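Student: prediction below, plus the sequence it came from.
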Amino acid sequence: KILAGEGMSYKELREKIRRLADVMSDEDMKNVQNAKAALSTIIPMLEKLGLDGEVYEKAEALRIALNSENFYDKLEAIRLNTQGIYAVYIKAYSEKHDHRKERVEKAIESVKGHVNFALLSEEEQNKRYLRL
């Protein structure tokens, strides 16, 4: 009697897997993987930067959609929320990188402007740049 009940669950699980295989394309699977990566990796990075608000809303909507029994009916929302999270990430880290690049360029100009810098060989000058 117990096995019969478990057999039904097994049968239902197989049917669910078959339906998923029918409904989801390779691209859909990739989108779901990207969504999970956004939640596990990207969101914590953005939280450290203090970026929440709209990103938090997208993350919460993504969590709900992914944890839904019928998440495959919400693939478009999953894709859009994932794209929104990655867009915020790219913008935040691009700005951070640009700011760092500006500081390094200013430091190089400062070193170049030093009176004794011109007296160094080109090799020594390059070594000084690498330290920045």
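Tutor: That came through fine.
Student: any idea how far residue 97 is from residue 56?
Tutor: From residue 56 over to residue 97 the distance is 24 Å, taken as C-beta to C-beta, to the nearest Å. No exception for glycine: its C-beta is placed from N, CA and C like everyone else's.
Student: who's more crowded, the two?
Tutor: Comparing residue 56 with residue 97 by other C-beta atoms under 10 Å, the one with more neighbours is residue 56, at 13 against 10.
Student: who touches the spatially most central residue of the chain in this structure?
Tutor: By C-alpha atoms, centre = their mean, the chain has its centre lying nearest to residue 42, at 3.7 Å. Taking C-beta atoms under 8 Å, 6 or more residues apart in numbering, we find residue 42 in contact with 85, 86, 89.
Student: same thing but at 10 Å, please
Tutor: Listed by C-beta atoms under 10 Å, 6 or more residues apart in numbering, the contact partners of residue 42 are 34, 55, 59, 82, 85, 86, 88, 89, 90, 92, 93.
Student: nearest to residue 113 among those?
Tutor: Nearest to residue 113, judged by C-beta to C-beta, of the contacts of residue 42 is residue 93 at 30.4 Å.
Student: any buried residues in the host helix or strand of the closest one, and which?
Tutor: If you go by DSSP states H and E, residue 93 is part of helix 75-112. Judged by neighbour count using 16 or more other C-beta atoms under 10 Å, the buried positions of helix 75-112 are 75, 77, 78, 79, 81, 82, 84, 85, 88, 89, 92.
Student: of all those, which comes closest to residue 22?
Tutor: Proximity of the buried residues of helix 75-112 to residue 22 (C-beta to C-beta) peaks at residue 75, which lies at 13.3 Å.
Student: so in the chain, where's the weakest helix or strand by average pLDDT?
Tutor: helix 2-23 (a mean of 70; mean pLDDT, DSSP states H and E).
Student: give me the next element, helix or strand, following that one.
Tutor: For helix 2-23, the following helix or strand on the C-terminal side (DSSP H and E) is helix 26-37.
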